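K.L.:
Mind folding the following:
(one chain, ligands or ions: 1)
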Amino acid sequence: MPRAVKTKTGALAAGVPKKGSAPKRNKLYAMPEKISEGTILTDLSKAQWSIGSSIGTGGFGEIYSACRVGEKNYNYVVKCEPHGNGPLFVEMHFYMRNAKLEDIKRFQREHGLKSLGMPYMIGNGSVELKGIKHRFIVMPRYGSDISKFFLTNGRRIPEGTIYRLAIQMLDVYEFIHSCGYVHADLKAANILLGYGKDGNNQAYLVDYGLASHYTTKDFKPDPKKMHNGTIEYTSRDAHQGVPTMRADFEILGYNIIEWSGSQLPWVKNNILTVPTKVQKAKEEFMADVPNSLKTLYAKSVPGPIIEYMKYVAKLEYNETPDYENCRKIFSSALKDMKIPNSGELLFATKNKESPAPSTSRARPKLVERRSAANDTSVELCASDDDDDDVIFEEKEVVKKAPQRTLKTITKRSPKTAVSPKRAIVRGSPDVKISSKSTPKITPLRKRRSTSFSPSKAPRSSPLAKKSKPTPREAVNGKRSTPNTSASYTTRSTPVAATANINFSPAISLSTARPGKTIVNDNTTPVPRAGKTYEFNFELDVSMDANVVVNVKRKKKATANSTKGVDSTGQSSSKSSRATAQSTKRDQTPGNDKNTPVTRVKVRKLPSDDACDSPRTPAVTVKKSKRIVS
Ligand SMILES: Nc1ncnc2c1ncn2[C@@H]1O[C@H](COP(=O)(O)OP(=O)(O)OP(=O)(O)O)[C@@H](O)[C@H]1O
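P.N.:
Here you go, the predicted model:
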């Protein structure tokens, strides 16, 4: 059944087929309602946008071409998602705070860049579609995403184009990082060529649904964010839930390796469905880059790839990477290959002509087998309420079928992202995610800090210079000076020596799915299948510790015995209020008298860590109504 999305009034809107409503493309995910061509959307600044054809589908939303009312050219896109979806909320705020057109232009001027593959937002607003509140953003329209060329070229991109793409993506990283953010989800499906004349000269990095502040303070694994990203390319830091600048570089590295025609070991070994195994494989891979790479290439490993990956492996978690020297690795290679770093990005490989770019939605179907789910799960999932208060509904999901058989995803692949954004607790009726389940980082091996020359440094030996803060860093103090904690790393060989990850057997993390973005933070409604039942339990959420959530199911209680528990454990007065409220509700017609209704507000405690992400807004937990499956 589709994800339940509640309207502002709390009415269950999705999942109740309406007469005449368009059928859902994918029953598993509550995709947005269709917007028909010609619909006029008015954004918050009162600008009006006429919706054209649908040109893309992501994991959570749909992208339409759009034109300004009164104009003829569909040079814009509207990205629309149900209001409760976390990623578009995050993306919108990222653009608002950091990526205004004038910011991008200034950055280009300061760095002498003719163009920069940084998208921006032109407008945003809300629209009610079939009774469901949706959020939309308006952006410039770009061209085809490069995963199309990669796939049609036999999973390969010409070497020169790889290096040019790498340089362009490093420019974008430098911009994003200078805003204090990381992208965390670079992949071919998120890289779009420009649109129109000369569009193919520049690639744009889209999809800021996972953007978050990076940390330069302590390396604190965060179970709520573990494994976020697209499992093939997720960095080792992201596997631990820590957003870092080096993580973005690592993600780019894995992509480059794949674009060059090699299969990443964790892809080859078919372990993508087990994030912790992928994490371990990456730790091992990065522990000895030269040898790891050797095993991937039949002939010799391309020099720039080895040099770049060696550099990434040496980066400290709180270090500002040396963009300029990394770009130099690739631009020197282009020079050697006599390929100009300008003009059209070419995707035709020697033996195969790549088709003309197109933004058509036609994509290979992805057939996937989902793992058997013969158990009872408890999930927390967000529903729509308002922008800043994400409501988590507590539901018991009973997955009846011992096996979910082949599931055909007809959305775009590999872009088709599904974010199983839930902590699924399997197994026993008394379900607990305890502090035991959080990863333990064992004492770390001290490691020599490797630093590079500052941006704009003289261009000799790219990887041999000493790092100095750039003027910008000097001003804002972004680059942290090496201190004791900074000079230790969470990385070494083998993985067991550093990241000792213990999960309670009762816990199953979000299932990783190839090519799909995973967001493991519970801020987005999740795909749900099977029946959903209401049940009684106490919920205790700790937002400030490694303990994520402690769910204890209790016996079905009468309305009188209901007791609210807040995050601070101060249950007396609040809980009596909750009891009073629930009793009141229970007396209202339509309420199940046997089901206590508990509403618990959990506010995130102020953190001293400045790297709070917009993905962790205040959280409200409330007892859900019965969901009819
Ligand atoms: N500005 C744009 N211009 C043209 N096409 C776009 C644009 N933005 C996105 N698309 C197309 O829509 C697809 C999905 O976009 P996007 O990645 O932003 O969606 P999403 O729902 O966030 O995806 P994900 O599944 O990665 O979370 C892209 O692969 C691309 O083909």
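K.L.:
How far does stretch 202-221 stretch from one end to the other?
P.N.:
36 Å (CA to CA, to the nearest Å).
K.L.:
any residue of that stretch up close to the ligand?
P.N.:
Yes - residues of stretch 202-221 contacting the ligand under CB under 6 Å from any ligand atom: Val206, Asp207, Gly209. C-betas here are computed from N, CA, C, even on glycine.
K.L.:
so how far is Ile137 from the last one?
P.N.:
In this view, Gly209 and Ile137 are 11 Å apart by CB to CB, to the nearest Å.
K.L.:
So these two - more neighbours on which side?
P.N.:
Applying other CB atoms under 10 Å to Gly209 and Ile137 shows that Gly209 carries more neighbours, namely 30 against 22.
K.L.:
Other residues contacting the helix or strand harbouring Cys80?
P.N.:
Cys80 is part of strand 76-82 when elements are defined by DSSP states H and E. By CB atoms under 8 Å, 6 or more residues apart in numbering, the residues outside strand 76-82 that reach it are 5, 14, 30, 32, 35, 41, 49, 51, 55-56, 58, 60-68, 87-88, 91, 122, 127, 129, 132-142, 384, 525.
K.L.:
and the ligand, which of those contact it?
P.N.:
Answer for those near the ligand (CB under 6 Å from any ligand atom): Ile55, Gly56, Gly58, Phe60, Gly61, Ile63, Pro87, Met139, Arg141, Tyr142.
K.L.:
Please work out how many residues are found near the third one.
P.N.:
In other words, Gly58. 26.
K.L.:
For the residue in the chain that the ligand sits nearest to, give me phi and psi.
P.N.:
In the chain, the residue that lies nearest the ligand is Gly58 (1.7 Å; CB to the nearest ligand atom). In terms of degrees, to the nearest 10, the main-chain angles of Gly58 are phi -100, psi -160.
K.L.:
what do you get for Arg236?
P.N.:
phi -60, psi -40.
K.L.:
State the pLDDT value of it.
P.N.:
Predicted confidence (pLDDT) for Arg236: 98.
K.L.:
How about the residues of the stretch 51-200 of the chain by the ligand?
P.N.:
Proximity of the stretch 51-200 of the chain to the ligand is confined to 55-56, 58-61, 63, 77, 79, 87, 139, 141-142, 145, 189-190, 192 under the rule CB under 6 Å from any ligand atom.
K.L.:
The residue of the chain closest to the ligand against Leu210, yeah?
P.N.:
No - Gly58 lies out of contact with Leu210 (CB atoms under 8 Å); the separation is 11.7 Å.
K.L.:
how many neighbours does Asn318 have?
P.N.:
24.
K.L.:
Checking it next. Helix, strand or coil?
P.N.:
coil (DSSP: H, G, I helix; E, B strand; the rest coil).
K.L.:
what's in contact with stretch 199-206?
P.N.:
115-119, 142-143, 146, 165, 168-169, 172, 183, 186, 190-194, 342-345, 357.
K.L.:
Ramachandran coordinates for Leu165?
P.N.:
Torsion angles at Leu165 (phi, psi; degrees, to the nearest 10) stand at phi -60, psi -40.
K.L.:
Residue numbers of this structure in contact with the ligand?
P.N.:
55-56, 58-61, 63, 77, 79, 87, 139, 141-142, 145, 189-190, 192, 206-207, 209, 359, 415, 417, 517.
K.L.:
Can you flag which of those residues belong to strands?
P.N.:
Ile55, Gly56, Ile63, Val77, Lys79, Met139, Leu192, Thr517 (DSSP state E).
K.L.:
From the residues you listed, pick the one nearest Arg109.
P.N.:
Using CB to CB, Met139 comes nearest to Arg109 of those, at 22.0 Å.
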